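1. structure for the following, please:
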Amino acid sequence: MPSYSLADPPVLAFVLLPAALAIVFVWGVAAAWRRTGQPARAGQAALRAAAGTLIWMGVTFAVADRGVLLDWHRTPPPFALLVVSIVTLAMAIAFSPLGARLAQLPIWTLVAVQAFRLPLEIAMHALVSRGLMPDQMSYSGRNFDILTGATAIVVAALARAGMGGRRLVAVWNIAGLALLVNIVTVAILSTPRFAAFGPDRLNVFIAHPPFVWLPAVLVLAAVAGHLIIFRALRSRAV
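-> The predicted structure is shown next:
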C-alpha cells in the first residue's frame, strides 16, 4: 500500500468526518433525551454516548494500527469479525431504547445527517488517484452512494418545509440503504480474501488507520441512521 499523510486533505477527511459524526451523535442523544421529556438526564446520557463512542473509535483504531486486520487468510479473517461487530452494533443502537429516543428527533435532521456521504465519496474518489483505494469503490466505478449524500440535503430540506411527506422520505431511505449495501458488498468482495475484481484492485486501505473508521464509524452511522429513520416513519408522521 502506498504511503499517505494526514496532511493530505482526502486522508484527513477520514479523521474529520468520523469526529464530526461522533459530535453529532452525542448532540443527538442529548437532544433526544430533552425531546422525550427527560432534560435532567440529557447531560448524563450524552456523557455515556461520548464515552462509548470514544472507546469504540479508540479500539478500532488501535486494532488497525497494530496490523491485526491485515491477516486476510485466517478463518474467519479479523476484518470479517469487525464487519459483524459493526452490523450488530448498528442494529443494537437502532432497535434499542436509545434508537427509539433518537427516532423522536425531527425526521429532517435524521435525513440531513446522511449528507456526510457526499464529502465522504469525494474523498474516496481522491484516494483512487493516490493509489490507496481501488477504483470500483469510487463513483467512477461501482459506488453510487454519492447520490444518497447529495439527495439527503434536498430531501431533508423538503421534509423540513412539509413537502413530500412520508412517501418521499421512505423511498429515499430505501434507496439510500440499497446503495449502501451495494458499496459494502463491493468493498468486501474487493478484499484479498475474495479479490473479485482482480489482484491489482484490492481493498486493503480500510485495514489501516485512519481509514478503518470508514467501516467502523461512517458505515455504522449510515446503517444505524437508515434503521432509525424507518423507526421514525413507523412511529409518527413526517
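2. need the longest helix for the protein.
-> For the chain, the longest helix by residue count, based on DSSP state H, is helix 9-35.
3. from the contact counts, what lies against that one?
-> Other helices and strands packing on helix 9-35, by 3 or more CB pairs under 8 Å, 6 or more residues apart in numbering; DSSP states H and E, are helix 42-65, helix 97-102, helix 107-113, helix 117-129, helix 213. Bear in mind the C-beta positions are built from the backbone N, C-alpha and C, glycine included.
4. okay if I get those helices as TSV plus mean pLDDT?
-> Below are the helices and strands packed on helix 9-35 laid out as TSV (pLDDT from 0 to 100):
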stretch	mean pLDDT
helix 42-65	98
helix 97-102	97
helix 107-113	98
helix 117-129	98
helix 213	98
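5. quick one, which of those helices gets closest to residue 207.
-> helix 42-65 (6.0 Å; CB to CB).
6. buried residues in that closest one?
-> Buried residues in helix 42-65, counting neighbours by 16 or more other CB atoms under 10 Å, are found at 42, 45-46, 49-50, 52-53, 56-57, 60-61, 63-64.
7. distance from that helix to the middle of the chain?
-> Remark: helix 42-65 is offset 15 Å from the chain centroid, using CA atoms, centre = their mean, to the nearest Å.
8. and for stretch 34-51?
-> Put simply, stretch 34-51 sits 23 Å off its chain's centre (CA atoms, centre = their mean).
9. may I have it exported as CSV, CA atoms only?
-> Extracted as CSV, the C-alpha positions of stretch 34-51 are listed here (Å, rounded to 0.1, in the frame of the first residue of the first chain):
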residue,chain,number,x,y,z
ARG,A,34,-34.7,16.6,26.2
ARG,A,35,-37.3,16.0,23.5
THR,A,36,-38.7,12.9,25.2
GLY,A,37,-39.3,14.6,28.5
GLN,A,38,-36.1,13.9,30.5
PRO,A,39,-34.0,17.1,30.2
ALA,A,40,-32.4,16.5,33.6
ARG,A,41,-30.8,13.3,32.3
ALA,A,42,-29.7,14.7,28.9
GLY,A,43,-26.2,15.5,30.1
GLN,A,44,-25.6,12.1,31.7
ALA,A,45,-26.9,10.3,28.5
ALA,A,46,-24.6,12.5,26.4
LEU,A,47,-21.6,11.6,28.5
ARG,A,48,-22.3,7.9,28.3
ALA,A,49,-22.7,8.2,24.5
ALA,A,50,-19.4,10.2,24.3
ALA,A,51,-17.6,7.6,26.4
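10. distance check, the residue sitting furthest away from the middle of the chain against residue 33.
-> What lies farthest from the middle of the chain is residue 40; by CA atoms, centre = their mean that is 29.7 Å. Taking CB to CB, to the nearest Å as the measure, residue 40 falls 9 Å from residue 33.
11. now do residue 73
-> Applying CB to CB, the value for residue 73 to residue 33 is 46 Å.
12. residue contacts, the closest residue to residue 110 other than its chain neighbours?
-> Of all residues not flanking residue 110 in the chain, residue 229 sits nearest, at 5.0 Å (CB to CB, 6 or more residues apart in numbering). Going by CB atoms under 8 Å, 6 or more residues apart in numbering, residue 229 touches 103, 107, 110-111, 169, 173.
13. could you list the low-pLDDT ranges of this structure?
-> Counting by pLDDT under 70, the chain shows low-confidence ranges at 236-238.
14. hmm, try it at 90
-> For the chain, the stretches with pLDDT under 90 are 1, 164-165, 235-238.
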